[in-house]
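Novice: Generate a structure from the sequence data that follows.
(chains A and B)
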There are 2 protein chains.
Amino acid sequence: MDALHALTVGDVLREHRRSYPGRTAVVDGDVRLTWPELDDRVNRLANALDRVLGCGAGDRILWLGQNSFRVLECLGAAAKLGAMLCPANWRSSAEELAFVIEDLDPALVVWQEAEIGDTVRAARALLPAGVGPGPAGWRQHDAGGDPTDAGDPTGRGAPPPDSYEALLADPVTDATDALPHPCTDPDTPLLLLYTAAFAGRPSAAMLSHRAILAQDMVMGMMQEISNQYVYLNSGPLFHVATFMTTLATFHFGGTNVFTPRVQAEELCRLIETERCTGAFLQGPTIKEMTLLAEEHPYDLSSLRAFPGHPRWNALVTPDTSPWARNPTGFGQTECMGMLTLDAWGLGSIGSAGRPHPLTRVRIVDPEGAEVPDGETGEIVASGPTIHSGYWNRPDLTAERLRDGWHHTNDLGRREADGSITFVGPRTRIIKSAAENIYPAEVEACIRLHPGVADVAVIGVPDPTWTQSVKAIVVRRPTDPGDEPVTAEAIVEHCRTSIASYKKPRLVEFVDELPRQGWAVDYDALDAAFGGGGYPGSG
Amino acid sequence: MDALHALTVGDVLREHRRSYPGRTAVVDGDVRLTWPELDDRVNRLANALDRVLGCGAGDRILWLGQNSFRVLECLGAAAKLGAMLCPANWRSSAEELAFVIEDLDPALVVWQEAEIGDTVRAARALLPAGVGPGPAGWRQHDAGGDPTDAGDPTGRGAPPPDSYEALLADPVTDATDALPHPCTDPDTPLLLLYTAAFAGRPSAAMLSHRAILAQDMVMGMMQEISNQYVYLNSGPLFHVATFMTTLATFHFGGTNVFTPRVQAEELCRLIETERCTGAFLQGPTIKEMTLLAEEHPYDLSSLRAFPGHPRWNALVTPDTSPWARNPTGFGQTECMGMLTLDAWGLGSIGSAGRPHPLTRVRIVDPEGAEVPDGETGEIVASGPTIHSGYWNRPDLTAERLRDGWHHTNDLGRREADGSITFVGPRTRIIKSAAENIYPAEVEACIRLHPGVADVAVIGVPDPTWTQSVKAIVVRRPTDPGDEPVTAEAIVEHCRTSIASYKKPRLVEFVDELPRQGWAVDYDALDAAFGGGGYPGSG
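Specialist: Residues are numbered from 1 along each chain as shown, chains lettered A, B, ... in the order given. Alright, predicted model coming up:
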């Protein structure tokens, strides 16, 4: 990539300090930084990483804390250095954090005392000798010495040694933008987000500058984000659903307001005082905020919110953005958030809408060939918003990023109008004669039967057909006098809804499906109900 | 660029045939093509270019005609092949067209009989032997055999030999998307647009897939373009101001409606029948359409238009997009349209707003160093929307694309709020003592004086200061009894408005400035008023 046509996340910060010199970039407690002030602190951090910790291109920065403006500072410094930032899940156990530290081998760990200090210390104690950064690379970010006077990067009072603020105040650092090896390649990975566990352990998707900036344009358009957007970072920053809006707000020169965690009263206060226009809010929090705003006259009218309960609607401004008009679609961390959307009111047969303007999407069979419309297959995607692989997982990366496509491990179907339906996760494939059958597709069909409460589908070895389909069904409780659903009824329901070869040959009824956490335990089902003989299982 | 993260204009077409199978891509006279129909024809053209004309990566296709859906077909085929399309100015003289043909050396010339057939033939006769494509590479597009039945690519009646339609109907071609060397690199130049003449001849800026798709996102957001946008191509497609909206409409899956040229009654008819939501319209046409719609009850209510005359406003729907709310900014063909915008209601001191989210902009001195805010310098830009150089002009490319920046040859100023003011074209620089003085800046200041009708500023050799500034002024006619503006008043006006060293030392009055076309003839002024000694002039 030639430098003339490149744009990095560091470049965005460089632009904003010039274009928005007096506008507020971040708000967090009593910290308020303009774009030049934020960029100065990012430069201090980048220089300190380079000069104090020897951290540069390809190195990792790990954030072990709640939401903070310093997450954006770490991102900005990583962007300028060509390094990567991983905001980890602060709700993790000590063992989980120790796994992440060992997996990432970060040059800098920024950690937080409040709420999780003991867990961080326990994780640190679990690390094998020599794993993780040296003592200078462990920096507490909530150690005092906060930059409450935004013009004074060292803040009020001297920061304690080994704190994050002490790193920025180190005499060897300064606020210049001149780094020995600045990152100019937008294809450099920048953001690491841990995602669903495969083979028993989570893996971090690597998202490049290009992926972030491309997705910003899509979400900016869908959410109508502008230089006047004020985003309340009230969802977790270790999750793409929150972070994709944080980054779009950053990209368009808006204001990011941070709060460490979800606390309804504080959210009301922040929306009122900062005139927030957007926030990441879920149902229970909205309910709590509605009640609070009726006791205390919080002014939430700046907030553009999805329509909900009439009492909530009366407090906020209805969001009329394309996204709010139909907030459905299909997304993944590996796609930097949304991959398909149902936008602009066109409507779609498929539940997931259509691919956004910066992606390519196909529905393919296990051999990678596109399946006909109406057939279920794996959703694969390519384009600038797609991740660059999984950190430290070459085999998984090769498996998921093959033949020029990211394989989402999720199943979908292209409908007659070109839109896409999300069918379910692609777990195992059942092979019956020459046909591939996805358990998720058969489960989705059976689940539509009114007599069914829950279902899992497995394959059992079949001497003639390789495997045959077996459904393990939890019946829905019936009213007295009603007949419970029969195996025959379920088979017949499938025969009329999906291709006949996909219908179960066998149906068994249980009171409850075995689960590990939320997920059905298919291995336990196979053991109990004779499953096996899956393709590729040897 | 790895294929996984690439997105080309050809890919957009491949997506749309899947996502919008039943939606209309183009309308032109009695031709209506869905996305799959358009893509089939594009594939036929691409295969024919490859198999009949040997046209492939890096080759040029020249469009010598008015607006037509076939411009998009040629663009799509060029995109899939890695070739380039140049839509030339159909109002050009035979000599100008001959220059363009010789300059581009196209593999295919698609030409039009209506209105310009004689000019094309005259241009062809002017070509030296061996210049331009062979006979098979000259294809008339309005020769009959039109694809009026969209499902039948050969159209009603056999197309005449050597016509564009005959190329698509050639037995060697077919509608498959498999090309021997498909273009997968978004940095490949795709669109060639001739722009302002330097050194006496126009030069074609090369715009890549990446530049087009990036600018689509910016303009899509600013103009609120979606898959339901219906754009009336009523401005010239050889100009970026029209084409940038055509391309965004194409990218978002909307409908492009083509009309050969501006004809007010036909525009009214098309807006009514196609329910157009956008159009490229200028003042006189709007006036004419307003009068027509009062005589004949055309329904123009689908059109989202900028506010204008109350009678016009009553006919259309007010455009409330960010762009319509403040349609100012600075743009250039070389930047694929707009580079800066005043969007989203933030307001700006500078007349050109702020750089858009996918660009970097600096104001620099002749040595390339950034000038302080408030100082005039050359506007330079970089990022994905910037052109890839000028076709067949290595020296000009090296001069304008140097040090990682595109030098716009235009002057601007960064204001205190970070916004940018467009000052004027950078013509020559006057050197006075150690200072660089841009004539356009001094002219812009003098033009603000109420007694001045027109002005040009030159440098005259000065034994002490290298050069001194001389203003050649056309006075505004005065009412009887009023005093005409004096030289002293003009100098004093400048002294209070711009840095004192920029004020003219000498002012002369003339009745009229010498011009070549629209441009002031500075060489004639130098000859008449003693100009010379410019830096770099030897």
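Novice: Is the helix or strand where residue A:363 lies positioned near chain B?
Specialist: Taking DSSP states H and E as the criterion, residue A:363 maps to strand A:360-364. Yes: against chain B, strand A:360-364 shows contacts by C-beta under 8 Å from any C-beta of the partner chain at A:360-362. (Glycine included, C-beta is placed from N, CA and C.)
Novice: Over to stretch A:343-351?
Specialist: Yes: Stretch A:343-351 lies within reach of chain B by C-beta under 8 Å from any C-beta, at A:343-346.
Novice: same check, this time on stretch A:27-34
Specialist: No: if you take C-beta under 8 Å from any C-beta as the test, stretch A:27-34 misses chain B, and the best it gets is 10.6 Å.
Novice: Ends of that stretch, what's the gap?
Specialist: 9 Å (C-alpha to C-alpha, to the nearest Å).
Novice: Can you give me the distance of residue A:265 to chain B?
Specialist: Distance of residue A:265 to chain B, given as C-beta to the nearest C-beta, to the nearest Å: 31 Å.
Novice: Just to be sure, that residue is in a strand?
Specialist: No: assessed with DSSP: H, G, I helix; E, B strand; the rest coil, residue A:265 is helix; it does not lie in a strand.
Novice: shouldn't it be in contact with residue A:295?
Specialist: No: taking contacts as C-beta atoms under 8 Å, residue A:265 lies outside contact range of residue A:295: 9.9 Å.
Novice: quick one: stretch A:438-454 to chain centroid distance?
Specialist: Chain-centre distance of stretch A:438-454: 27 Å, with C-alpha atoms, centre = their mean, to the nearest Å.
Novice: Ok, stretch A:248-255 next?
Specialist: 19 Å.
Novice: sorry, back to before: residues making contact with the strand holding residue A:363?
Specialist: A:339-340, A:355, A:370-371, A:375-383, A:405, A:412-414, A:420, B:7, B:11, B:14-15, B:18 (C-beta atoms under 8 Å, 6 or more residues apart in numbering or on different chains).
Novice: Next step: these restricted to strands.
Specialist: A:339-340, A:355, A:376-382, A:405, A:412-414, A:420 (DSSP state E).
Novice: can you tell me which two in those are farthest apart?
Specialist: A:376 and A:382 (20.2 Å; C-beta to C-beta).
Novice: Show me which of those two is the more surrounded one.
Specialist: residue A:376 (26 against 22; other C-beta atoms under 10 Å in any protein chain shown).
Novice: ok, now how distant is the residue lying closest to that one once chain neighbours are set aside from residue A:433?
Specialist: With sequence-adjacent residues excluded and distances taken as C-beta to C-beta, 6 or more residues apart in numbering or on different chains, residue A:376 is closest to residue A:441, at 4.5 Å. Distance, residue A:441 to residue A:433, using C-beta to C-beta, to the nearest Å: 17 Å.
Novice: Got the domain ranges for chain A?
Specialist: According to automatic domain parsing, chain A comprises the domains A:3-19+A:28-208, A:262-324, A:330-425, A:430-529.
Novice: Now render the ones you listed as TSV, adding mean pLDDT and distance to residue B:279.
Specialist: Below are these laid out as TSV (pLDDT from 0 to 100; distance: least, C-beta to C-beta, whole Å):
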stretch	mean pLDDT	distance to residue B:279
domain A:3-19+A:28-208	92	31
domain A:262-324	94	22
domain A:330-425	94	19
domain A:430-529	90	45
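Novice: Let's have those in CSV, adding distance to residue B:73.
Specialist: Formatted as CSV, the domains of chain A follow (distance: least, C-beta to C-beta, whole Å):
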stretch, distance to residue B:73
domain A:3-19+A:28-208, 27
domain A:262-324, 30
domain A:330-425, 21
domain A:430-529, 38
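Novice: out of those, nearest to residue B:35?
Specialist: Going by C-beta to C-beta, the one of the domains of chain A nearest residue B:35 is domain A:330-425, 8.5 Å.
Novice: wait, residue A:179 sits on residue A:81?
Specialist: Yes: contact criterion C-beta under 8 Å: residue A:179 and residue A:81 qualify, at 6.5 Å.
Novice: Can you check which residues contact both of those two?
Specialist: Joint contacts of residue A:179 and residue A:81 (C-beta under 8 Å, 6+ apart) are A:46, A:50.
Novice: Settle it for me: which of those two has more neighbours?
Specialist: The neighbour comparison of residue A:179 against residue A:81 (other C-beta under 10 Å) goes to residue A:81, with 28 against 19.
Novice: Hmm, residue A:411 and the residue nearest to residue A:376 touching each other?
Specialist: Yes: the pair formed by residue A:441 and residue A:411 meets the contact definition of C-beta under 8 Å, at 6.3 Å.
Novice: where do the contact lists of those two overlap?
Specialist: A:376, A:423-424.
Novice: Show me which residues of the stretch 201-350 of chain A sit near chain B.
Specialist: So far as C-beta under 8 Å from any C-beta goes, the stretch 201-350 of chain A lies against chain B at A:208, A:210-211, A:213, A:216-218, A:220-221, A:226-228, A:251-253, A:322, A:343-346.
Novice: If any of those residues are buried, put those into a PyMOL selection.
Specialist: Buried subset of those, written as a PyMOL selection, criterion 16 or more other C-beta atoms under 10 Å in any protein chain shown:
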select buried, chain A and resi 208+210+211+213+216+217+218+220+221+226+227+228+251+252+253+322+343+344+346
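Novice: Looking at the residues of the stretch 201-350 of chain A next to chain B, which are in strands?
Specialist: Filtering these for strands - DSSP E - leaves residue A:208.
Novice: Contacts only, for residue A:222.
Specialist: A:321-323, A:338, A:341, A:343.
Novice: oh sorry, the question was meant for residue A:464
Specialist: Per C-beta under 8 Å, 6+ apart, neighbours of residue A:464: none.
Novice: picking up where we left off before, including distance to residue A:283, could the shared contacts of residue A:441 and residue A:411 go into JSON lines?
Specialist: JSON lines is the format used below for those (distance: C-beta to C-beta, whole Å):
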{"residue": "A:376", "distance to residue A:283": "30"}
{"residue": "A:423", "distance to residue A:283": "25"}
{"residue": "A:424", "distance to residue A:283": "23"}
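Novice: which among those residues gets closest to residue B:351?
Specialist: residue A:423 (53.2 Å).
Novice: Give me the next element, helix or strand, following the helix or strand hosting that closest one.
Specialist: Element membership of residue A:423, judged by DSSP H and E, is strand A:420-425. Next helix or strand after strand A:420-425 toward the C-terminus (DSSP H and E): strand A:430-432.
Novice: and of the residues of strand A:360-364 next to chain B, the nearest to residue A:313?
Specialist: residue A:361 (34.4 Å).
Novice: what sits opposite the closest one in the beta ladder?
Specialist: Taking DSSP bridges as the rule, residue A:361 bridges to residue A:381.
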